[in-house]
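*Asks:* from the sequence below, what's the structure:
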Amino acid sequence: KAHHVSLWRRSTRRPPLCAMSSPPCMRSYCVIHPDSEFKDIKFRHDAARVELDAQSCQALEEGVSFERVFLAKSTQEAIFQEVARASVFAAIERGRSSTFIAVGASGAGKTFSITGGAKRFADRGIIPRSISLLFEALASRPGGDELQVSISFFEIYKGSVVDLLSDRRRKVVLQPADDPGGASGPTLVGLLRHTATSESDAYHLLFKGDSNRHFERFPHNPETSRGHVFYTIHLLHAASGRKASLTFVDVAAVINFKTPATSAIERSLDALRDVLAALHEGREEAPYDASALTQLLRSALHPSSSEAVAVITALRYSAAAHEETREWLAFARLFQEAMRRGPGGGLPPTTTLPPTTTMPH
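*Replies:* Purely as a prediction, here's the structure:
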């Protein structure tokens with residue numbers, strides 16, 4: 001049989017995946033929005049680092065290094081190739097799961113990076129490109145038909161889990177994991193998981209779920225996400241029972257308009273920061289149970305997890321959004337520091353850009 005099939009049939013007793021080859025456990029990327037105010041000398045970036053000068057003498061300059069900073073003219077294909085391509089093959093060939101987490105301010109480009117735009121085929125995001133590569137790879141490999149593909153798609157809205165593939169956006173019960181100290185996440189009781197036998201099936205499920213998402217129209221962003229969204233591609237090797245998944249998370253951001261949905265988002269982001277802070281400090285117990293978001297990210301964030309995690313920080317800099325940009329850079333740094341675990345989990349060495357540099361865009 002083909003190489004990937006024999007690997008899926010091996011014993012489940014295997015070395016920690018963090019010690020295996022690319023992709024490593026934690027990767028951190030930044031995508032710069034093309035409408036950023038690049039002429040502002042307080043905002044500097046190159047292909048591996050973003051820096052933001054302090055606005056006052058009391059504040060600290062914020063600078064963060066990334067595996068890659070995608071400049072304003074970067075294509076969606078280039079982002080996919082760097083961020084997700086290796087993970088798709090790792091899921092097929094080794095049964096390794098990956099989670100992609102997009103964070104950033106509202107209107108910074110998170111949804112565009114993850115899902116893409118509707119106007120041009122070239123604007124497809126990481127999810128549709130992963131779908132296409134997955135089915136292309138399965139069709140071209142002997143034994144590829146032995147891997148079963150299914151899709152789940154849900155949203156955390158006002159603190160509750162909503163099944164986006166159900167007819168009436170049905171709420172789903174979150175059942176805690178049996179091992180409270182382990183890396184296992186909760187069970188979503190009753191969540192629909194649809195079989196996808198083709199690329200078009202998976203696309204249809206993406207479009208269907210996307211149409212059921214909660215959006216609100218605001219002046220700065222006509223399609224503001226009001227819930228955290230999880231789209232998961234599940235792989236099952238029927239003969240061995242081995243499983244893998246590719247999970248794409250579009251994390252909603254807090255906005256200035258106070259609504260019940262915004263308040264729920266704010267509480268969940270605070271809970272996520274608390275979990276990351278606990279991991280960074282090396283505490284034995286992190287407060288995963290504080291929100292549905294942190295419960296559902298537990299399997300990716302837990303120190304003993306074997307999942308690969310890619311965090312995509314979307315930035316849209318303007319002088320008016322200086323402090324908000326600084327906060328998201330600080331959040332990206334916290335994510336990096338919390339997730340540095342085991343061989344292969346490292347990040348690029350810290351470097352500093354010249355203070356007068358204005359990077360091209």
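
*Asks:* going forward, measure contacts between C-alpha atoms and count neighbours the same way
*Replies:* Will do.

*Asks:* return the distance of the helix ranked longest in the chain from the chain's centre.
*Replies:* Scanning the chain for the helix with the most residues, using DSSP state H, yields helix 260-281. Here helix 260-281 is found 16 Å from its chain centre; the criterion is C-alpha atoms, centre = their mean, to the nearest Å.

*Asks:* next structured bit after it?
*Replies:* helix 292-301 (DSSP states H and E).

*Asks:* show residues contacting that next one.
*Replies:* Helix 292-301 is contacted by residues 98-99, 156, 159-161, 174, 183-186, 228, 268, 271-272, 275, 288-289, 305-309, 339 when judged by C-alpha atoms under 8 Å, 6 or more residues apart in numbering.

*Asks:* which of those residues fall in helices?
*Replies:* Judged by DSSP H, helices contain the following of the contacts of helix 292-301: Ser268, Ala271, Leu272, Val275, Met339.

*Asks:* pretty sure the second one is touching Ala290, no?
*Replies:* Yes. Using C-alpha atoms under 8 Å, Ala271 makes contact with Ala290 at a distance of 5.9 Å.

*Asks:* now the buried members of the contacts of helix 292-301.
*Replies:* Among these, those buried by neighbour count (16 or more other C-alpha atoms under 10 Å) are 98-99, 156, 159-161, 174, 183-186, 228, 268, 271-272, 275, 288-289, 305-309, 339.

*Asks:* just these: which are in strands?
*Replies:* Of the buried ones among the contacts of helix 292-301, the ones assigned to strands by DSSP state E are Ser98, Thr99, Ile156, Ser160, Val161, Leu174, His228, Ala308, Val309.

*Asks:* what mean pLDDT does stretch 253-265 have?
*Replies:* Averaged across stretch 253-265, pLDDT comes to 85.

*Asks:* now the strands: where do they sit in the stretch 51-200 of the chain?
*Replies:* Here the stretch 51-200 of the chain has its strands, by DSSP state E, counting those that start in this stretch, at 62-65, 68-70, 98-104, 147-157, 160-163, 171-175, 187-189, 194-195.

*Asks:* okay, the ones you listed in CSV with mean pLDDT next?
*Replies:* Formatted as CSV, the strands of the stretch 51-200 of the chain follow (pLDDT from 0 to 100):
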stretch, mean pLDDT
strand 62-65, 89
strand 68-70, 97
strand 98-104, 97
strand 147-157, 96
strand 160-163, 94
strand 171-175, 93
strand 187-189, 93
strand 194-195, 96
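
*Asks:* for these, which one sits closest to Ile126?
*Replies:* Ile126 lies closest to strand 98-104 among the strands of the stretch 51-200 of the chain, at 9.2 Å (C-alpha to C-alpha).

*Asks:* and the angle for that closest one with helix 292-301?
*Replies:* Relative orientation of strand 98-104 versus helix 292-301 (axes from the mean of the first three to the mean of the last three C-alpha atoms, to 10 degrees): 130 degrees.

*Asks:* what lines up beside strand 98-104 in the sheet?
*Replies:* strand 242-250 (parallel), strand 308-315 (parallel) (DSSP bridges).

*Asks:* run a quick neighbour tally on Gln175.
*Replies:* The number of residues packed near Gln175 is 12, by other C-alpha atoms under 10 Å.

*Asks:* return the residues in contact with it.
*Replies:* For Gln175, the contact set (C-alpha under 8 Å, 6+ apart) comprises Pro186, Thr187, Leu188, Val189.

*Asks:* out of those residues, who's nearest Met26?
*Replies:* Closest approach to Met26 among the contacts of Gln175 (C-alpha to C-alpha): Pro186, at 21.9 Å.

*Asks:* surely the closest one is in contact with Ala177?
*Replies:* Yes. Counting by C-alpha under 8 Å, Pro186 does reach Ala177; the two are 4.6 Å apart.

*Asks:* what is in contact with the two at once?
*Replies:* With C-alpha under 8 Å, 6+ apart as the test, Pro186 and Ala177 reach no residue in common.

*Asks:* in stretch 196-209, what counts as buried?
*Replies:* Ala196, Glu199, Ala202, Tyr203, Leu205, Leu206, Lys208, Gly209.

*Asks:* of all these, which two lie farthest apart?
*Replies:* Spanning the widest gap among the buried residues of stretch 196-209 are Glu199 and Gly209, at 15.6 Å by C-alpha to C-alpha.

*Asks:* contacts for stretch 249-257 next, please.
*Replies:* The contact list for stretch 249-257 (C-alpha under 8 Å, 6+ apart) reads 99-106, 110-111, 114, 225-231, 262-263, 265-266.
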